[in-house]
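Visitor: One predicted model, sequence on top.
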Amino acid sequence: MKNIMTVLLALSLPSIAPDISFSQERGEPDKYNLDVKPFDPSVDPDGSLFIRNWRESARRTVFGNLSEWDILTPSDGDSERPKARGAVLTAITRLTYGILDPGKTTTPATLQNEQKIFYFVSGEGTLTGGPKAAAVREGIGVVVAPGIEFSIKNFGAEPLTMYIITEPVPSGFKANREIVVKDERGTKWSSNNVHWSHNYKNFINSSDGLATLTGMGPVWYMPGTIGQPHTHGDPVEEIWFALSGDTTLLLGKQFFHLPPGTAYKIPPTGFTGHSNINASDKPIKMFWMMRGGKPDKTGFRYGQLDPEPYDPKTESRIDMFISGYREHMQYSTHGTLLERDMFTHNTGDAARPTDRGSVLKYLDRFTYAMLVEGDRTAPTTLTDTQELFYILEGKGTITSGNRTHDLYPGVACLVPRGLEFVMENTMNSPLTMYLVAEKVDPSFQSVKNIVWRDENVEPFHTTTAHWVNNNKWLVRKEEGLSKIGLFLTVTIPPNAFAQPHSHDPGTEEIWAPLDGTVNFMLGKQLRRMNIGEAHLIPPDSRTPHANFNPGEKPVKMLYIGLFNQK
């Protein structure tokens, strides 16, 4: 939650109690945070049961020559706790995938008590219904009502492929007397930036003869965009299937990849949010369909974030809070240590910076530092700051008095105020590190020696912070930190998305990658970072953030957090 007491609770610190805001006590939605509790199978539905690819099903033949595979099928009794993957439908009858081989024609058929919507995705052919024939190809949709005899022919050299939506026809429904043909090409955008990033074409709706569904159509997501996490409850039935590109999905507190041919339904719990995500460099295309209605489950506590599109006039300019050392020139400290700024102190309004990276209100600086091969620093004694180092590459030593500690990747050190020290590079390659300079008040009682820790041998002290974060202590508060509350490494497992949450004024939270590329949501936008880059969370109470890992290997980050500052 945005109140930092809840954040600390999630990180398993003792004797910390959450501070629940008035609106949350009343069950009203919190627009800037999702539920902090990790996935609980006794409460949260298993999202994987609401997702299925047609390749998981057995082939059957319908209409004489059409090969068909199930994707989503009728619910097996409990709409929130299905017993089998894909058995989740309560409004429509079935979602299937079909292939008609070259030169083949289906047997003429007439539907009874149901109608089908064919959405073609490849190949060429015709769909004939009664006296009307329609050329079909990618992007063509056809509504075939009951009582109309129809057939499909593939006259091309490639398979004619399609998705088939079957919906029941309620009593008294006035069905179309002829097929309805729609072409998404040339259809104007119905909306842009709905749910932050949806580019939608209102393709087929009730005016076109839908019987149960209220609308359907293709939706495009531009590269590096995320849809607003939001929820649904019965009787709403919302279904998506992936058509092209590398789609990822946040469903509740779980994270999934959706290769083309995969569909999902949002669990109708009223608290299971969903968000389609394009973390790739190319557009993705999906198809949406929905039966609308007023949900009988309200409250949506922790279930959805602010639905309004990004407004740069009222919301933080997030790129000002993202910075890398390559953007800054080097300078020397400690005699021979070369530093390049990542975040610097802002004496004005750090929440509304005018310079990129000038966002620190409480820390002095956060930098990327290097000691060149074989070099050593001058004897240095800090006066009004103390420094934290995290070694990235190389080997060396740090010495104070008669104590010497080894430096190598994964080692962290706290050097207190008033202690003379020397750092030496013992290799024929650079010794590189992140450096955090923490201001120290005159009354603060500094520790007397360097605090040294090897993160490589530290155990995880929590593995479900903010749903998925695996945390290791570097330096604890009681070991000598002044303003900093948490100094950690955080490992995000493969295919995992952390809890989106915001921070109040008085907070300063920095994240920096330690290996590989990190994807993250900041506000209503997505970004990526590599080693040597970092982001700080705008402390405005309304900019949620979440790191996520769509890859197949864990990613690790350095985390620095200051809380409840005045």
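Guide: Great, that's in hand.
Visitor: Met342 versus Leu34, what's the distance?
Guide: Distance, Leu34 to Met342, by CB to CB, to the nearest Å: 28 Å. Where C-beta positions appear, they are placed from N, C-alpha and C, glycine not excepted.
Visitor: Kindly report the same for Gly227.
Guide: Taken as CB to CB, the span from Gly227 to Met342 is 30 Å.
Visitor: what about these two, which has more around it?
Guide: Met342 (28 against 21; other CB atoms under 10 Å).
Visitor: host element of the more buried one?
Guide: Using DSSP states H and E, Met342 sits within strand 337-345.
Visitor: Surely Pro146 touches Gly129?
Guide: No: Pro146 is beyond contact range of Gly129, at 11.4 Å (criterion: CB atoms under 8 Å).
Visitor: Show me which of those two is the more surrounded one.
Guide: More crowded of Pro146 and Gly129, by other CB under 10 Å: Gly129, with 23 against 16.
Visitor: Okay, and the beta partners of the more buried one?
Guide: Lys132, Phe150 (DSSP bridges).
Visitor: ok, now which ones touch it?
Guide: 142, 144, 148-150, 178-179 (CB atoms under 8 Å, 6 or more residues apart in numbering).
Visitor: repeat for Gln386
Guide: 414-417, 437-438, 440, 446, 480, 482.
Visitor: give me that answer again for 7 Å
Guide: Neighbouring residues of Gln386 by CB atoms under 7 Å, 6 or more residues apart in numbering: 414-417, 438, 440, 446, 482.
Visitor: for those, which one is nearest Gln112?
Guide: Glu438 (74.6 Å; CB to CB).
Visitor: my guess is that closest one contacts Leu382, does it?
Guide: No: Glu438 lies out of contact with Leu382 (CB atoms under 7 Å); the separation is 9.8 Å.
Visitor: The two - which one has more neighbours?
Guide: Glu438 (26 against 19).
Visitor: Pull up the gap between that one and Leu536, please.
Guide: Distance, Glu438 to Leu536, using CB to CB: 15 Å.
Visitor: could you point out which element follows the strand holding Met342?
Guide: With DSSP H and E, the next secondary element past strand 337-345 is strand 358-360.
Visitor: List the beta-bridge partners for Trp549.
Guide: One thing to correct before we go on: residue 549 is Asn, not Trp. Beta-bridge partners, per DSSP bridges, of Asn549: Ala496.
Visitor: Correct me if wrong: it contacts Pro494.
Guide: Yes: between Asn549 and Pro494 a contact is recorded at 6.0 Å, counting by CB under 7 Å.
Visitor: neighbour count winner among those two?
Guide: Asn549 (24 against 12).
Visitor: now that one: how far from Arg527?
Guide: In terms of CB to CB, Asn549 sits 14 Å off from Arg527.
Visitor: for Met320, helix, strand, or coil?
Guide: helix (DSSP: H, G, I helix; E, B strand; the rest coil).
Visitor: ok, it - contacts?
Guide: By CB under 7 Å, 6+ apart, the residues touching Met320 are 353, 356, 359.
Visitor: go again using 6 Å as the cut-off
Guide: By CB atoms under 6 Å, 6 or more residues apart in numbering, the contact set of Met320 is 353, 356.
Visitor: Now do it against Gly224, distance only.
Guide: 18 Å.
Visitor: shaky segments in the chain?
Guide: 1-29, 297-301 (pLDDT under 70).
Visitor: As a check, name the ranges of all helices in it.
Guide: 4-10, 22-25 (DSSP state H).
Visitor: In space, what's closest to Pro538 - neighbours in sequence excluded?
Guide: Ser316 (3.9 Å; CB to CB, 6 or more residues apart in numbering).
Visitor: count of residues packed around that neighbour?
Guide: 20.
Visitor: That one contacts Thr543, doesn't it?
Guide: Yes: counting by CB atoms under 6 Å, Ser316 does reach Thr543; the two are 5.1 Å apart.
Visitor: Please enumerate the shared neighbours of the two.
Guide: With CB under 6 Å, 6+ apart as the test, Ser316 and Thr543 reach no residue in common.
Visitor: Run through the residues that contact Ser190.
Guide: 200-202.
Visitor: ok, 8 Å please
Guide: 200-202, 217 are the contacts of Ser190 under CB under 8 Å, 6+ apart.
Visitor: mind checking how far the nearest residue to it once chain neighbours are set aside is from Thr96?
Guide: Excluding the flanking residues, the one nearest Ser190 by CB to CB, 6+ apart is Asn202, at 3.7 Å. Distance from Asn202 to Thr96, counting by CB to CB: 23 Å.
Visitor: out of those two, which sits in the busier spot?
Guide: A count of neighbours by other CB under 10 Å puts Thr96 above the other of Asn202 and Thr96, at 23 against 17.
Visitor: Val490: how many residues sit nearby?
Guide: Val490: 24 surrounding residues under other CB under 10 Å.
Visitor: Quickly note the distance from it to Glu533.
Guide: For Val490 relative to Glu533 (CB to CB), the value is 16 Å.
Visitor: Name the residues of stretch 84-91 that are buried.
Guide: For stretch 84-91, burial by neighbour count (16 or more other CB atoms under 10 Å) applies to 85-89, 91.
Visitor: ditto for stretch 433-452
Guide: In terms of neighbour count (16+ other CB under 10 Å), stretch 433-452 has its buried residues at 433-440, 447, 450-452.
Visitor: Quick check: end-to-end length of it?
Guide: 14 Å (CA to CA, to the nearest Å).
Visitor: distance between that stretch and the chain's centre?
Guide: What separates the centre of stretch 433-452 from the centre of its chain is 35 Å, taken as CA atoms, centre = their mean, to the nearest Å.
Visitor: buried sites along stretch 141-153?
Guide: 141-146, 148, 150-153.
Visitor: I meant to write stretch 251-271 there.
Guide: When burial is assessed from 16+ other CB under 10 Å, stretch 251-271 yields the following buried residues: 251-256, 258, 260-271.
Visitor: and what of stretch 425-433?
Guide: Neighbour-count burial for stretch 425-433 [16+ other CB under 10 Å]: 425, 430-433.
Visitor: for stretch 512-522, same thing?
Guide: Those would be 512-514, 518-522, for stretch 512-522 by 16+ other CB under 10 Å.
Visitor: Distance-wise, check Gln525 relative to Asn519.
Guide: On the measure of CB to CB, Gln525 and Asn519 end up 12 Å apart.
Visitor: can you pull the contacts of Asn547?
Guide: With contacts defined as CB under 8 Å, 6+ apart, Asn547 is in contact with 469, 490, 492, 498, 511, 518-521, 557.
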